[in-house]
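1. How does the following fold in three dimensions:
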Amino acid sequence: MKILVADDLPENRVLLDKLLTRMQHRVVLAANGNEAVELFSATEPDLVLMDIMMPTMDGLQAIKSIRALGREKWTPIFAVSALSETEDIVAGLEAGADDYLPKPFSQSILRAKLNSVQRFLDLQQVIAADTAQLKIYRDRNETEQLFLQSIFARLIRQNDLKDDHLQFWLKPAHRFSGDLICARRVSQQQIYFMLADSTGHGLAAAIPTVIVNQAFQAMTRKGLAIPIIVREINRLLFTQMPPDRFVALAIGMIDGTRNSIEIWNGGLPAAMALNASGEVVHAFQSRHTFAGILPDAEFDDRCELWQWESACELFIYSDGLTDAQSPDHARFDQNRLLEALASSGAGLRIDAVRTALDRHLATGDAHDDISCMAIRCL
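-> Predicted structure coming up:
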């Protein structure tokens, strides 16, 4: 070790120099507190033996000055003094010393304390190496995450979501979202829609949404029927994903020529048709299990068809919205959701829900992905 020795008496410096050199340590000598602080910055020792009673600057002030330098690497400091009163020992420790070494020096005690310091320094080196390795891993992981994020952004394009009759909100709990919102308008009167909620969180939950999105985009582009689309999504998930990966899904079409909403709901909360006052005039309950669980032969692709008598707004959401908890662990729940929906008119309800949820969460964060979509049916 490199040891800085600060003592105003030359004989003490010579004695410690010989003892420490004999123990295979490198020694740096200082005659007072000022020199000790200067040499500490210049030589970066592994240990400091600081005499308390010195002229110019005493050991206590020198210890405080060294600690004020704020080095990243922690350097042990031993307060050295012939004083044996408890208050002097306490004063040294309170100034920033780590241990106390009494005069006259005991070679066996000195050796034992230095061995203890050496074990500490060895451990510090191991921790520093591990920290550096973790930083390398973290930086590499961050780079890979950003790369994957850019890939997902290209794979999952939110087509047709900039629609005058449609509003949406998607708030991922993590960098990658397991929730997905899609829409495709095929005419002035007809629009496909889909909201999906994949099991889990983060990247593992986001991967199934790529399959769901690509199937939706390809099949709606061809104008295929909802039962055909949802059956193909289920088949792809069942055959390409592990058994514990499935997706809650609401998919359908709004047709203004027939004043109808056709919807398949598997595992999502009930989608709601709201009148001008925000009251629920019809609820599309989940009548199916999640997509990706059943083989094609057992899958039920039957949809619910409902016709509106006057203009309404379809509201679809994932359970992350109503399950969101306030700092005192109260759920946002459906009652708060219905109050928010009734507080504003069509076309403004997504903003009303966001405001209400932000107020509910206060300074807390949601622990699940949150998504919702509203489409006006005219």
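
2. show me where the stretch 151-300 of the chain has strands.
-> 166-171, 179-185, 190-198, 247-255, 260-266, 271-274, 280-284 (DSSP state E, counting those that start in this stretch).

3. R184 is in contact with R221, isn't it?
-> Yes: if you go by C-beta atoms under 8 Å, R184 and R221 touch, sitting 7.2 Å apart. Backbone N, C-alpha and C define where each C-beta goes, glycine included.

4. Now list whatever residues contact both of these two.
-> By C-beta atoms under 8 Å, 6 or more residues apart in numbering, R184 and R221 have no common neighbours.

5. can you redo the strands of the stretch 151-300 of the chain as TSV with mean neighbour count and mean pLDDT?
-> TSV is the format used below for those (neighbours: other C-beta atoms under 10 Å; pLDDT from 0 to 100):
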stretch	mean neighbour count	mean pLDDT
strand 166-171	19	92
strand 179-185	23	93
strand 190-198	25	95
strand 247-255	25	97
strand 260-266	23	98
strand 271-274	22	97
strand 280-284	16	97
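
6. got those strands as JSON lines, with distance to Q24 columns?
-> Formatted as JSON lines, those follow (distance: least, C-beta to C-beta, whole Å):
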{"stretch": "strand 166-171", "distance to Q24": "61"}
{"stretch": "strand 179-185", "distance to Q24": "63"}
{"stretch": "strand 190-198", "distance to Q24": "62"}
{"stretch": "strand 247-255", "distance to Q24": "66"}
{"stretch": "strand 260-266", "distance to Q24": "74"}
{"stretch": "strand 271-274", "distance to Q24": "78"}
{"stretch": "strand 280-284", "distance to Q24": "81"}
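
7. Identify whichever of those lies nearest to A366.
-> Counting by C-beta to C-beta, A366 lies closest to strand 166-171 out of those; the figure is 6.5 Å.

8. Off-centre distance for the closest one?
-> Strand 166-171 sits 22 Å away from the centroid of its parent chain (C-alpha atoms, centre = their mean, to the nearest Å).

9. by contact count, what packs against the worst-scoring helix or strand of the chain on mean pLDDT?
-> Ranked by mean pLDDT, DSSP states H and E, the weakest helix or strand in the chain is helix 107-155, scoring a mean of 77. Packing contacts for helix 107-155, counted by 3 or more C-beta pairs under 8 Å, 6 or more residues apart in numbering; DSSP states H and E, involve helix 10-22, strand 99-102, helix 202-221.

10. Would you reformat these as JSON lines and include mean pLDDT, mean neighbour count and distance to I109?
-> Formatted as JSON lines, the helices and strands packed on helix 107-155 follow (pLDDT from 0 to 100; neighbours: other C-beta atoms under 10 Å; distance: least, C-beta to C-beta, whole Å):
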{"stretch": "helix 10-22", "mean pLDDT": "91", "mean neighbour count": "15", "distance to I109": "11"}
{"stretch": "strand 99-102", "mean pLDDT": "86", "mean neighbour count": "17", "distance to I109": "8"}
{"stretch": "helix 202-221", "mean pLDDT": "89", "mean neighbour count": "20", "distance to I109": "55"}
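
11. how much space between the closest residue to R111 other than its chain neighbours and L121?
-> Spatial nearest neighbour of R111, excluding adjacent residues (C-beta to C-beta, 6 or more residues apart in numbering): M23 at 6.5 Å. Per C-beta to C-beta, to the nearest Å, M23 is found 15 Å from L121.

12. Same question for T21.
-> Taking C-beta to C-beta as the measure, T21 falls 18 Å from L121.

13. Check V247 too.
-> Noted for V247: a distance of 54 Å to L121, by C-beta to C-beta.

14. A218 too?
-> Look at A218 and L121: by C-beta to C-beta, they are 62 Å apart.

15. that older thread, how far does the least confident helix or strand of the chain sit from its chain's centre?
-> Averaging C-alpha positions (C-alpha atoms, centre = their mean) puts helix 107-155 20 Å from its chain's average.

16. Now do that helix against helix 202-221, angle only.
-> Orientation check (axes from the mean of the first three to the mean of the last three C-alpha atoms, to 10 degrees): helix 107-155 against helix 202-221 gives 0 degrees.

17. want to throw the helices and strands packed on helix 107-155 into JSON lines with distance to S371?
-> As requested, these are arranged in JSON lines below (distance: least, C-beta to C-beta, whole Å):
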{"stretch": "helix 10-22", "distance to S371": "67"}
{"stretch": "strand 99-102", "distance to S371": "58"}
{"stretch": "helix 202-221", "distance to S371": "11"}
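
18. excluding its backbone neighbours, what's nearest E339?
-> Distances taken as C-beta to C-beta, 6+ apart put A356 closest to E339, at 7.2 Å, once the chain neighbours are dropped.

19. Could you double-check that that neighbour lies in contact with A340?
-> Yes: between A356 and A340 a contact is recorded at 3.8 Å, counting by C-beta under 8 Å.

20. These two - which one has more neighbours?
-> Neighbour comparison, A356 and A340: the larger count goes to A340, with 23 against 17 (by other C-beta atoms under 10 Å).

21. tell me the contacts of the nearest residue to S286 once chain neighbours are set aside?
-> Closest residue in space to S286, ignoring its immediate chain neighbours: N265 at 4.6 Å, by C-beta to C-beta, 6+ apart. Residues near N265 by C-beta under 8 Å, 6+ apart: 249-250, 271, 284-288, 304.

22. Thank you kindly, that will do.
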